[in-house]
Structure formats: structure tokens, C-alpha cells
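Peer 1: what follows is a predicted protein model with its sequence.
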Amino acid sequence: MSDEEHHFESKADAGASKTYPQQAGTIRKNGYIVIKGRPCKVVEVSTSKTGKHGHAKCHFVAIDIFTSKKLEDIVPSSHNCDVPHVNRTDYQLIDISEDGFVSLLTDNGNTKDDLKLPTDDSLLTQIKDGFAEGKDLVVSVMSAMGEEQICALKDIGPK
């Protein structure tokens, strides 16, 4: 019975590795937090005193790191909040396709072709203009909770 191998067909992602728990009272300004299922950067934290039912509350004002929408949440300071794993990676820009996707060069020499151009207008024009001028551009890609987006641009000189 125990000699048989068990194969599990799983089409679902575990999801747990996208965030980690952190006590609400320890999350500070410029930290990250998940509000309404969205990864956010904290811009303001205020803590209220303990009331007659005993919990101090933390009021978080945060901005979604991908859509720039403002979100708010109030959590007892002793409770745990989800904090997203946020990574920034730099890639060299190789090409921009007509349908709005970019082709990026990874550190190991492979290409990454699954990212769209950013929706932020000023960043979008900087990337398009710099690419049209033939500059060597390095883009910073922010990734959290299974989403990725270009968030910054560096010019490393002419080709």
C-alpha cells in the first residue's frame, strides 16, 4: 500500500508564497500591505488608543503599487496583516512591439516578452522616445502577488 506513488494533479496555485503575515502595529510608512486583495505601499499610518474593548487600532492609508489607487484599512494593532513580497528587477530593453508589449533581456541572457508598456503617460513617453533615439535603456520591473509592471527607467548611455 505505501509502495505506490501518489500523483496529485493540481491546477491551482498555492497562493501562500505571495504574502507573509506581519503584526499590524509593526507596519510603518513606506512599508507594504495587502488591502482588499491588492498590494499597496503605505503612505500614512495612525494608531488610535485602546478603547473600552481593549484593542488599539491602526488606520492605514496606502496606494496600490500597480494602479496608483488610494485604499484605506483599519486593523487592530495586535492582529496580523498580509504583506506582499515585492521585488524590483532591472532588465535591458531590447524591443517594443506594435501591440504594446516590450521585449526585455534578463540577467542570464534570455528574453522576457510577456510585459506590456506601462500605463503611466510620462514613463510611457520616456520609454518610447528613448527607444526611438536608440539609447540603451534599463527598465525596473516591480512584481508582487503574481503581477508585474514597469515602474522606472534608467538610461545607461548610447548603444
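Peer 2: That came in fine, so what should we check first?

Peer 1: when you work out contacts or count neighbours from here on, use the C-alpha atoms and nothing else.
Peer 2: Will do.

Peer 1: so residue 130, which of the three states?
Peer 2: Put simply, residue 130 is helix when judged by DSSP: H, G, I helix; E, B strand; the rest coil.

Peer 1: burial count for it?
Peer 2: A total of 17 residues lie near residue 130 under the criterion other C-alpha atoms under 10 Å.

Peer 1: list the contacts of the one helix or strand in the chain whose mean pLDDT sits lowest.
Peer 2: Least confident element among the helices and strands of the chain, by mean pLDDT, DSSP states H and E: strand 147-158 (a mean of 81). Identification of contacts with strand 147-158 by C-alpha atoms under 8 Å, 6 or more residues apart in numbering yields 66, 115-118, 123, 126-127, 134-143.

Peer 1: try it again at 6 Å.
Peer 2: 118, 135, 136, 137, 138, 139, 140, 141, 142 (C-alpha atoms under 6 Å, 6 or more residues apart in numbering).

Peer 1: my guess is the fifth one contacts residue 92. True?
Peer 2: Yes - assessed by C-alpha atoms under 6 Å, residue 138 is found in contact with residue 92 at 4.4 Å.

Peer 1: which residues touch the most centrally placed residue in the chain?
Peer 2: Centroid-nearest residue in the chain, with C-alpha atoms, centre = their mean: residue 144, separated by 3.4 Å. Counting by C-alpha under 6 Å, 6+ apart, residue 144 touches 85, 86.

Peer 1: again, 8 Å this time
Peer 2: 18, 39, 84, 85, 86, 87.
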